[in-house]
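Student: Fold the following.
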Amino acid sequence: MMMREHLEQNPEEAFSAEQAARELKLGYTWFRRKFKEYTGVSPIQYFIQLKMAKAKELLASSELSVAETGYSLGFDSLSQFSTFFKKYEGFSPSQFRAFARAYPANRENLLSEDLSEV
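Tutor: I've put the predicted structure just below:
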């Protein structure tokens, strides 16, 4: 899917659903409705989910600092990244990294959407 490819290739750039609709020569309202029918979420929610999945992957498996991880995903500051991550994941990036490193056998569960099963 175009959004996934865009994020994977350019994780630091923002994605505009309006721009995607224009590039596909579709009306934004129709594009948004059909996108939600197909994925179950709005384009921006989908983008956020992809960005958080990439953040969790980097935090669990890379040697980048938490700040470097945030910057690599297009956040302007460590504070912005931490606030965003905590809002969507329920705990800070540092807490996530510590847990991921303490329990490497649970990596697949950590990287999934629902962490309540971990």
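
Student: which residues are in contact with stretch 27-40?
Tutor: 17-18, 20-22, 24, 42-43, 46 (C-beta atoms under 8 Å, 6 or more residues apart in numbering). Every residue, glycine included, has its C-beta placed from N, CA and C.

Student: 10 Å - rerun?
Tutor: 1, 3, 16-22, 24-26, 41-46, 49 (C-beta atoms under 10 Å, 6 or more residues apart in numbering).

Student: Please check the residues you listed and keep the buried ones.
Tutor: 3, 17, 20-21, 43, 46, 49 (16 or more other C-beta atoms under 10 Å).

Student: In strands, which of these fall?
Tutor: With DSSP state E as the criterion, strands contain none of the buried ones among the contacts of stretch 27-40.

Student: list the contacts for the residue in the chain sticking out farthest from the centre?
Tutor: Farthest-out residue of the chain from its mean C-alpha position, per C-alpha atoms, centre = their mean: residue 25, at 26.1 Å. The contact partners of residue 25, by C-beta under 10 Å, 6+ apart, come to residue 31.
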